[in-house]
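**Student:** build me a structure from this.
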Amino acid sequence: MRRTTTALVIAVVAGAALASPAAAGAPSSDLQPQTLTRGPDIAVPHIEDGYFVDGERRIELPGTVARVIGPSMGGWMVGTHRTNAVGERRGGRVVHVLPGDEVRTVLRDVDPADISVSEDGSSLLGVPDTGRSRAKVKVWAPIDGSVVATRTFRGHPEVVTADGAKALVRTTTRTFWWNFARNEVRRPLTTRLTGPASSTHDLLTTFTRDPYLGGCTRVVRLSRPKVKRWSSCADRVAAFSPDGAQMLTYDILTDGLGPGAIRLREIDGTLLATWTTGWFSAWSWESPGTVLLETNGRRKAAVVRCTTARCENATDPVDATAP
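**Tutor:** Here you go, the predicted structure:
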């Protein structure tokens, strides 16, 4: 592989935090990588210069572009594909990187961007025909890629999250549980638009209506969507933390490249920190309370590690490129 940009791990993994919880007040920092000190390398599995990197392990992957999908069965699921001269994706596949450095192809001819791992790591899920209104949601075994379950839904179905036996499916008209172990569909949790969710921590993001038509964000209990944890008409949820105690948010009408500001909040909405830059192209958690931000500043770009106390570069800064 030849790609030189660093891809952040999508799954969350516990690790050492940089600092103690935030003091009184919520700090705000403009992140320009050329002005930040260099801290330790990224502590969780990620893609770097065409390799899967996990501590001292560097494993070459097929394709030219890759992303870490999540942990599974003692290893890591990684999506890869090639990009031709005109930017078209080819040869999409999902591989299982095993502890002995073996790279085993599990799925072929798929778009890795549409594949996710259940929260317990026991299943791969996705919608191979995302462009169709009536499409199949599939569940695969992460060891050999065999099809575990499949069911067709109307309304451009998407997998929001999943546990070991059921998937939370979102369509244009409803969000509901599909128990793929029994092939049973439960009545809708909500008919509102929905966003990120966590089965482990009983969290679901909903919208009162389309944000571009004046809708607001609500964080509710997944098991009881009428129970509100937080609401905002200014921000939307980007991701929940590994322990379910915090979340990242950004402006509700953000579109295009990525947000220019990301906020760290407690689940009740209490603001802990705000980070700004030219634009953030990706974000993830290195551990509860420690965030990795793919930061594109005015002059330099880098993955920046932030806590409420401070921020530092987790990769060497490179020249920023025009969006």
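**Student:** any idea how far W76 is from V148?
**Tutor:** As for W76, its distance to V148 is 20 Å (criterion: CB to CB, to the nearest Å). Just so you know, the C-beta spots here come from the backbone N, C-alpha and C atoms, and that holds for glycine as well.
**Student:** just T290 next, same as before
**Tutor:** Distance of T290 to V148, given as CB to CB: 34 Å.
**Student:** more crowded one of those two?
**Tutor:** T290 (22 against 16; other CB atoms under 10 Å).
**Student:** beta partners for the more buried one?
**Tutor:** Counting by DSSP bridges, T290 is bridged to S287.
**Student:** wait, it sits on T307?
**Tutor:** Yes: using CB atoms under 8 Å, T290 is in contact with T307, at 5.4 Å.
**Student:** next, the contact list for E119, please.
**Tutor:** Shown in contact with E119 (CB atoms under 8 Å, 6 or more residues apart in numbering): 161-163, 198-200.
**Student:** so where does it fall, helix or strand?
**Tutor:** E119 is part of no helix or strand when elements are defined by DSSP states H and E.
**Student:** any idea how far it is from S199?
**Tutor:** From E119 to S199 the distance is 5 Å (CB to CB).
**Student:** distance across stretch 103-116, terminal residue to terminal residue?
**Tutor:** One end of stretch 103-116 to the other measures 18 Å (CA to CA, to the nearest Å).
**Student:** try stretch 138-147
**Tutor:** Using CA to CA, the gap from the first to the last residue of stretch 138-147 comes to 7 Å.
**Student:** contacts for it next, please.
**Tutor:** 72-73, 77, 94, 96, 105-107, 117, 121-128, 148-150, 162, 167, 180.
**Student:** buried residues, it. List them.
**Tutor:** Neighbour counts over stretch 138-147 (16 or more other CB atoms under 10 Å) mark 138-140, 142, 145 as buried.
**Student:** in the residues you listed, find the pair that's most separated.
**Tutor:** Maximum pairwise distance among those (CB to CB): 12.8 Å, between K138 and P142.
**Student:** about what we covered before: how about the contacts of E119 in a markdown table, adding distance to S232 and pLDDT?
**Tutor:** Shown next, in a markdown table, are the contacts of E119 (distance: CB to CB, whole Å; pLDDT from 0 to 100):
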| residue | distance to S232 | pLDDT |
| --- | --- | --- |
| T161 | 21 | 97 |
| A162 | 27 | 97 |
| D163 | 27 | 93 |
| S198 | 18 | 97 |
| S199 | 23 | 97 |
| T200 | 23 | 97 |
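**Student:** which among those count as buried?
**Tutor:** With burial judged by 16+ other CB under 10 Å, the buried subset of those is 161-162, 198-199.
**Student:** so which of those is the closest to G256?
**Tutor:** Checking the buried ones among the contacts of E119 against G256 with CB to CB, the nearest one is T161 at 25.6 Å.
**Student:** just after whichever helix or strand the closest one is part of, pick out the following helix or strand.
**Tutor:** Per DSSP H and E: T161 is located in strand 158-162. Per DSSP H and E, strand 158-162 leads on to strand 166-170 as the next helix or strand towards the C-terminus.
**Student:** what pLDDT does the closest residue in space to R187 that isn't next to it in sequence get?
**Tutor:** In this structure, R187 finds its nearest non-sequential neighbour in F176, 6.9 Å apart by CB to CB, 6 or more residues apart in numbering. F176 is assigned 98 on the pLDDT scale.
**Student:** quickly list what F176 is bridged to.
**Tutor:** V169.
**Student:** quick one: it from G121, how far?
**Tutor:** Computed with CB to CB, the distance linking F176 and G121 is 23 Å.
**Student:** please apply the same query to G214.
**Tutor:** Counting by CB to CB - G214 and G121 are separated by 39 Å.
**Student:** okay, now T37: neighbour count?
**Tutor:** Neighbour tally, T37, other CB under 10 Å: 8.
**Student:** then N313?
**Tutor:** 22.
**Student:** what of the one 3 residues further on?
**Tutor:** Close neighbours of D316, defined as other CB under 10 Å, add up to 12.
**Student:** what of L272?
**Tutor:** Neighbour number of L272 under other CB under 10 Å is 18.
**Student:** please, which helix or strand holds it?
**Tutor:** Per DSSP H and E: strand 271-276 holds L272.
**Student:** give the buried residues for that strand.
**Tutor:** Result for strand 271-276 [16+ other CB under 10 Å]: buried residues 271-276.
**Student:** now swap in stretch 224-239 and tell me
**Tutor:** Those would be 225, 229-230, 235-239, for stretch 224-239 by 16+ other CB under 10 Å.
**Student:** save those as TSV, and put in distance to R90 and pLDDT too.
**Tutor:** Formatted as TSV, these follow (distance: CB to CB, whole Å; pLDDT from 0 to 100):
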residue	distance to R90	pLDDT
P225	40	95
R229	43	97
W230	42	98
D235	37	98
R236	33	97
V237	33	98
A238	30	97
A239	29	97
